[in-house]
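Engineer: the sequence and its predicted three-dimensional model are supplied below.
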Amino acid sequence: MRLRTLPVSLSGVLMAIGIAVWQNHFKWIPAILCIIFALLAQVVSNFANEYYDYRRGADKKGRVGPRRGVTEGDIAPKTLRNATYITLAIACLVGCGLIPYGGWQMIPVGLAIAIFALAYSAGPYPLSYHGLGELTVFIFYGIVPVIFSYYVIAGRMDALAMLGGITIGFMGVNVLLVNNYRDMEDDIDAGKRTAVVIFGRRLSAAAYLFNGFMAIAMLSPLWLMIYLNGSLSWWAYLVPLLYLVLHTFTWFKLNHHSGAALNPLLGETARNMLIFTILMLIVFIF
């Protein structure tokens, strides 16, 4: 399930909830359903990634990254395959609960999420093997969860939700960058052309730093609106500053660690993201 990285999917929904609360358009039931669906969808993607990477020989015993249950023989491949599709079915059932709030147009959105959760690692053209993993994360862990969670919660679309989605997208991509930064040599051996393999570690580390600052920059219109309305206390403006400090410290570690020492940075990057979105939620509520 890779619990340390689940804040990636949770953060997108929290951002949508915060904006909806701030604009007085919040509804509890679709918000809870969005949280459950987002977490299940990421778990499906994680299960599928482990199963299909095992099938393709991309994961090997004794790998630098966190232990893989199927590769190490802890879990039978058939068991994980079944768990993947059972979890996907549960996610789809939860997603159907959003139809009364978002309309039947939510069905193609849900189908696209389900397909890409698998297509990241599975199928004839697995996206993560062709340098498209980061783009997939940006769209399906950033833009899609924020704008469509906001849509079913608030019953409308809003430009701020799009900006929030881009912000979460930049932050989410960094979690994948850390993972691929650590696994570059293993990915090369497996024929897996991630963005880190294509562009190298130096540019990838620079992209990591850039993404964090771009994430905050995308919310500049929001902070300007808040400032002009005079609707927040001064401490609210410390939230983006705190994130950038945490982000920069993690980037510094990324540049000075290698191998298994990079494993904690996965959780740390997701943690920075979650801290930011929780604090933003508090800002929007109070």
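Structural biologist: All right, it came through fine.
Engineer: off-centre distance for the longest helix along the chain?
Structural biologist: Assignment by DSSP state H gives helix 28-56 as the longest helix of the chain. Offset of helix 28-56 from its chain centre (Cα atoms, centre = their mean, to the nearest Å): 10 Å.
Engineer: buried ones in the helix or strand following that helix, by neighbour count?
Structural biologist: Counting by DSSP states H and E, the next helix or strand C-terminal to helix 28-56 is helix 77-96. Neighbour counts using 16 or more other Cβ atoms under 10 Å place 80-81, 83-84, 87-88, 91-92, 94-95 of helix 77-96 among the buried residues. C-beta: built from backbone N, CA, C; applies to glycine.
Engineer: out of the residues you listed, what pair is the most spread apart?
Structural biologist: Largest separation among the buried residues of helix 77-96 by Cβ to Cβ: Leu80 and Gly95, giving 22.2 Å.
Engineer: buried set for the helix or strand of the chain with the lowest mean pLDDT?
Structural biologist: Within the chain, confidence by mean pLDDT, DSSP states H and E is lowest for helix 220-229 among all helices and strands, at a mean of 77. Across helix 220-229, burial judged by 16+ other Cβ under 10 Å covers 222, 226.
Engineer: residues contacting that helix, please?
Structural biologist: By Cβ atoms under 8 Å, 6 or more residues apart in numbering, the residues outside helix 220-229 that reach it are 159-160, 163-164, 232, 236-237, 240.
Engineer: continuing past that helix, what's the next helix or strand?
Structural biologist: Using DSSP H and E, the helix or strand that follows helix 220-229 in sequence is helix 238-256.
Engineer: mean confidence score for the helix or strand just after that following helix?
Structural biologist: Using DSSP H and E, the helix or strand that directly follows helix 238-256 along the chain is helix 263-285. For helix 263-285, mean pLDDT is 94.
Engineer: next, Arg193: phi, psi?
Structural biologist: phi -90, psi 80 (degrees, to the nearest 10).
Engineer: what's the burial count for the nearest residue to it once chain neighbours are set aside?
Structural biologist: With sequence-adjacent residues excluded and distances taken as Cβ to Cβ, 6 or more residues apart in numbering, Arg193 is closest to Gly131, at 5.3 Å. Around Gly131 there are 16 other residues, counting by other Cβ atoms under 10 Å.
Engineer: of the contacts of helix 220-229 - the most surrounded one?
Structural biologist: Ranked by neighbour count (other Cβ under 10 Å), those have Gly164 at the top, with 30 neighbours.
Engineer: host element of it?
Structural biologist: Take DSSP H and E as the rule and Gly164 turns out to sit in helix 159-182.
Engineer: counting contacts, what elements does the helix or strand just after that helix pack onto?
Structural biologist: For helix 159-182, the following helix or strand on the C-terminal side (DSSP H and E) is helix 184-190. Here helix 184-190 touches helix 195-217, going by 3 or more Cβ pairs under 8 Å, 6 or more residues apart in numbering; DSSP states H and E.
Engineer: and the direction of the helix it packs on versus that of helix 263-285, what angle?
Structural biologist: Using axes from the mean of the first three to the mean of the last three Cα atoms, to 10 degrees, the direction of helix 195-217 lies 20 degrees away from that of helix 263-285.
Engineer: buried ones in helix 195-217, by neighbour count?
Structural biologist: Neighbour counts using 16+ other Cβ under 10 Å place 195-197, 201, 204-205, 207-209, 211-212, 214-216 of helix 195-217 among the buried residues.
Engineer: next, the angle from the helix holding Gly164 to helix 195-217.
Structural biologist: 150 degrees.
Engineer: how about helix 159-182 as PDB, C-alpha atoms only?
Structural biologist: Presented in PDB, the C-alpha positions along helix 159-182 are these (Å, rounded to 0.1, in the frame of the first residue of the first chain):
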ATOM      1  CA  ALA A 159     -10.400  28.700 -11.400                       C
ATOM      2  CA  LEU A 160      -9.000  28.500  -7.900                       C
ATOM      3  CA  ALA A 161      -9.500  24.800  -7.900                       C
ATOM      4  CA  MET A 162      -7.500  24.500 -11.100                       C
ATOM      5  CA  LEU A 163      -4.700  26.500  -9.500                       C
ATOM      6  CA  GLY A 164      -4.900  24.300  -6.400                       C
ATOM      7  CA  GLY A 165      -4.700  21.300  -8.700                       C
ATOM      8  CA  ILE A 166      -1.600  22.500 -10.400                       C
ATOM      9  CA  THR A 167       0.000  23.200  -7.000                       C
ATOM     10  CA  ILE A 168      -0.700  19.700  -5.700                       C
ATOM     11  CA  GLY A 169       0.500  18.300  -9.100                       C
ATOM     12  CA  PHE A 170       3.900  19.900  -8.700                       C
ATOM     13  CA  MET A 171       4.200  18.600  -5.200                       C
ATOM     14  CA  GLY A 172       3.100  15.100  -6.100                       C
ATOM     15  CA  VAL A 173       5.600  14.800  -8.900                       C
ATOM     16  CA  ASN A 174       8.400  15.400  -6.400                       C
ATOM     17  CA  VAL A 175       7.500  12.200  -4.600                       C
ATOM     18  CA  LEU A 176       7.900  10.200  -7.800                       C
ATOM     19  CA  LEU A 177      11.100  12.100  -8.600                       C
ATOM     20  CA  VAL A 178      12.700  10.900  -5.300                       C
ATOM     21  CA  ASN A 179      11.600   7.400  -6.000                       C
ATOM     22  CA  ASN A 180      13.100   7.400  -9.600                       C
ATOM     23  CA  TYR A 181      16.200   9.400  -8.500                       C
ATOM     24  CA  ARG A 182      17.000   6.500  -6.100                       C
END
